[in-house]
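Peer 1: pasting a predicted model and its sequence here:
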Amino acid sequence: MKQVVCRQVGVVELAEVAAPAVSAGDILIKLDGCGICGTDIMKVYDPMVPKPVQLGHEITGTITELGVGVSGLAIGQRVAVAHHAPDYGSHYARRGSETMDPTFKNSNVDPAGFAEYIRVPATLVPFTVFPVPDQMPSLRAAFMEPLACCLRALDRAGVCEGDTVLVIGTGAIGILFVPLLVARRAKVLAVDVRDDRLELAREWGAVEGFLASDNRIADGVRRHGGGLGADLVILTSTSAQSMALAMASVRDGGTIVPFGVKPNAQFTADFWQHYRREINLVASYSATPSGLARAMAIMAGHGFELEKLVNHQMTLAQAQKAFGMLHEAKASKIVLSP
């Protein structure tokens, strides 16, 4: 079978590999589509990430084989799949830190998401495999995992009805926060370097968008936030500049979530300001199985036609072109299919 592999920095290619064998409790799916995540881009282009590296985790497919003992699923059924699940008996999971559990971080699908056939191990099947409703397009179902990541961030940050929320960066992941926040009755403001992304944020419910080059963003945020600022700032791109904007825009006692962070990202923080203003800095990593279930339920409802966010659907053989387009910011979301 064919699989997209990365053996050197900046290069992905289609390789011939053996199809995975199914054991008891496993399932095998034929790929329908897998979204390219910002993490995939980082893994390919960051020289600090060891190669070869496994790619692809925003997966939808059709079940072709069931291992002995699998129940509640059927051959021919469409499913959405994620790649990590914790040991629910661990110290981490018992305290709500499922994504910090070593079992969570070490689990994965076989061989990867960008492959014609994918084995989902028995340890993942009960937690990360969800049937796709008949009326849901596969392109929408591919957003289950990233949407669940956003849900976890909002749960950890805490969002109340009527809150003012600033989303800095409305690319592929940032735009997912907008309808989730609107559904929670928050007032959403957006910042991006591109007008077209800001217009898209408005279409999904943001009340105002600011170009990143505007030096009056913090004033605008305070105007919308009753003179106080944003209750919550979400950074989908974390840098010295975006953190400075977040600090200038967040209200005293508010929360900043560094959601999009790359390896070796560093910035200088004035912790006296964090202390005296009681600014909460809340990190959120990945998604939990319960979040996956919630994401699928949300996407089944009205107002979350996330397939509209896909710029291109391309083949596995076009992976190099697709990764290059995303790396050069010529697209926001691309899904690869066989």
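Peer 2: Now that the structure is in, tell me what you want to look at.

Peer 1: any regions of the stretch 51-200 of the chain where pLDDT drops low?
Peer 2: Low-confidence segments of the stretch 51-200 of the chain (pLDDT under 70): none present.

Peer 1: do a quick rundown of the strands in it.
Peer 2: Remark: strands assigned in the stretch 51-200 of the chain by DSSP state E, counting those that start in this stretch are 58-66, 78-81, 117-120, 129-131, 164-168, 187-192.

Peer 1: out of those strands, which is the most enclosed?
Peer 2: strand 164-168 (a mean of 29; mean count of other Cβ atoms under 10 Å). C-beta here means a position set from N, CA and C on the backbone, and glycine is covered the same way.

Peer 1: hey, C-alpha coordinates of it in CSV?
Peer 2: Output in CSV follows, covering the C-alpha atoms of strand 164-168 (Å, rounded to 0.1, in the frame of the first residue of the first chain):
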residue,chain,number,x,y,z
THR,A,164,-15.0,39.0,25.4
VAL,A,165,-12.5,36.7,23.7
LEU,A,166,-9.7,37.7,21.4
VAL,A,167,-8.4,35.1,19.0
ILE,A,168,-5.0,36.0,17.6
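
Peer 1: which stretches of the stretch 201-338 of the chain form strands?
Peer 2: Using DSSP E, counting those that start in this stretch, the strands of the stretch 201-338 of the chain run over 208-211, 230-235, 250-258, 280-281, 312-315, 334-337.

Peer 1: name the residues that touch the shortest one?
Peer 2: Surrounding strand 280-281, the residues in contact under the criterion Cβ atoms under 8 Å, 6 or more residues apart in numbering are 157, 253-256, 258, 274.

Peer 1: what about that strand, average pLDDT?
Peer 2: Confidence for strand 280-281, expressed as mean pLDDT, is 96.

Peer 1: give the partner strands of that strand in its sheet and their orientations.
Peer 2: According to DSSP bridges, strand 280-281 forms sheet pairs with strand 250-258 (parallel).

Peer 1: now the angle from the strand it pairs with to strand 164-168?
Peer 2: Computed by axes from the mean of the first three to the mean of the last three Cα atoms, to 10 degrees, the angle separating strand 250-258 from strand 164-168 equals 40 degrees.

Peer 1: among the strands of the stretch 51-200 of the chain, which comes closest to residue 262?
Peer 2: In terms of Cβ to Cβ, the element of the strands of the stretch 51-200 of the chain nearest to residue 262 is strand 164-168, at 14.9 Å.

Peer 1: adding distance to residue 30, write the strands of the stretch 51-200 of the chain out as JSON lines.
Peer 2: Converted to JSON lines, those look like this (distance: least, Cβ to Cβ, whole Å):
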{"stretch": "strand 58-66", "distance to residue 30": "5"}
{"stretch": "strand 78-81", "distance to residue 30": "10"}
{"stretch": "strand 117-120", "distance to residue 30": "6"}
{"stretch": "strand 129-131", "distance to residue 30": "14"}
{"stretch": "strand 164-168", "distance to residue 30": "36"}
{"stretch": "strand 187-192", "distance to residue 30": "37"}
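
Peer 1: nearest to residue 22, out of those strands?
Peer 2: Nearest of those (Cβ to Cβ): strand 58-66, 5.1 Å.

Peer 1: my guess is residue 307 meets residue 35, correct?
Peer 2: No: taking contacts as Cβ atoms under 8 Å, residue 307 lies outside contact range of residue 35: 10.7 Å.

Peer 1: show me the common contact partners of those two, please.
Peer 2: When contacts are counted by Cβ under 8 Å, 6+ apart, residue 307 and residue 35 have residue 143 as shared neighbours.

Peer 1: so between the two, which is more surrounded?
Peer 2: Shown here are residue 307 and residue 35; by other Cβ atoms under 10 Å, residue 35 has more neighbours (26 against 18).

Peer 1: from residue 216, how far off is the more buried one?
Peer 2: 35 Å (Cβ to Cβ, to the nearest Å).

Peer 1: neighbours of residue 108, how many?
Peer 2: The tally of other residues near residue 108 (other Cβ under 10 Å) stands at 15.

Peer 1: meant to ask about residue 244
Peer 2: Around residue 244 there are 15 other residues, counting by other Cβ under 10 Å.

Peer 1: and the pLDDT at it?
Peer 2: 95.

Peer 1: which residues touch it?
Peer 2: Contacts of residue 244 by Cβ under 8 Å, 6+ apart: none found.

Peer 1: next one: residue 169
Peer 2: Taking Cβ under 8 Å, 6+ apart as the criterion, residue 169 is in contact with 191-192, 235-237, 242, 260.

Peer 1: same check, this time on residue 317
Peer 2: The neighbours of residue 317, taking Cβ under 8 Å, 6+ apart as the test, are 2, 14.

Peer 1: try 7 Å this time
Peer 2: Shown in contact with residue 317 (Cβ atoms under 7 Å, 6 or more residues apart in numbering): residue 14.

Peer 1: for residue 222, which non-adjacent residue is closest in space?
Peer 2: Leaving aside its sequence neighbours, residue 222 sits nearest to residue 229 (Cβ to Cβ, 6 or more residues apart in numbering; 5.1 Å).

Peer 1: correct me, but that neighbour touches residue 249?
Peer 2: Yes: look at residue 229 against residue 249 with Cβ atoms under 7 Å: they come within range, at 5.6 Å.
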